[in-house]
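>>> A predicted structure for the sequence below; I have some questions about it.
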Amino acid sequence: MATIDDATRTMIRNLEDKTGRSLADWAALARDSGQEKHGQIVAWLKSEHGIGHGYANLVALESRGGLTLDTPADDGLAAVFSGDKAGLRPLYDAIEAYVKTLGDVEVSPKKANVSLRRSKQFALVQPSTKTRMDLGIQLKGVAPSGKLEAAGSWNSMVSHRIRLETASDFDAEAKSWLKAAWDAA
């Protein structure tokens, strides 16, 4: 699934394809329109130029200096794996690479963890200490077995977790539990 920045970049490309004008051209036109408020610009673009609401909103944001696409998509991950947890990033990268082989997955970095979603969240990855990552898995009704333990009070968003300290801990068993959660989502 695309990130917001990816979706916005696609909209920018489509805007020019559909209208013959670039986002920069539309933004300049909007600035010269005399409209000052965001809503006024959107309404003006829709009524005077027949632009759809989404594109009008995009142009209004750009014309008022509010659109920022220069933020790297990886910033959220950088925040999760900052400081003494940076050493866990290669382990996370291995998990993400594996999950993406399963099919459609949305990777959504949060403040302290990374949510993995399909139609709903099926897993989360959290650097819990500087040497341990917890892989939370949503598999309601499945009895804990092997590496798969009950999440308990660790995180209410998942039913189970697997504790990972090294890349070798993310083995066939861990992958099979993660795939089962992806299948169930």
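Nice, I can see it.

>>> how is the protein carved up into domains?
Listed domain ranges for the chain are 4-63, 75-184 (source: automatic domain parsing).

>>> tell me the mean pLDDT over the lengthiest helix in the chain?
Scanning the chain for the helix with the most residues, using DSSP state H, yields helix 4-19. Helix 4-19 shows a mean pLDDT of 80.

>>> give me the buried positions along that helix.
Going by neighbour count (16 or more other CB atoms under 10 Å), the buried part of helix 4-19 is 8, 12, 15, 19. Placement of C-beta: from N, CA and C, glycine included.

>>> nearest to Lys147, of the residues you listed?
Among those, Thr8 lies closest to Lys147 (CB to CB), at 39.4 Å.

>>> wait, doesn't that closest one sit right on Asn57?
No - at 10.6 Å, Thr8 and Asn57 do not qualify as touching, with contact defined as CB atoms under 8 Å.

>>> check the gap between Met133 and Leu61 for me.
37 Å (CB to CB, to the nearest Å).

>>> and for Thr129?
40 Å.

>>> those two: who's more crowded?
Leu61 (19 against 13; other CB atoms under 10 Å).

>>> which phi and psi does the more buried one have?
The phi and psi values for Leu61, taken as degrees, to the nearest 10, are phi -60, psi -50.

>>> pick out the shakiest of the domains of the chain, pLDDT-wise.
domain 4-63 (a mean of 87).

>>> nearest residue to the residue nearest the centre of the chain in space, please, no chain neighbours.
Per CA atoms, centre = their mean, the C-alpha nearest to the average position across the chain is that of Ser108, at 3.2 Å. Take Ser108 and drop its neighbours on the chain: the residue closest to it by CB to CB, 6 or more residues apart in numbering is Ser115, 4.3 Å away.
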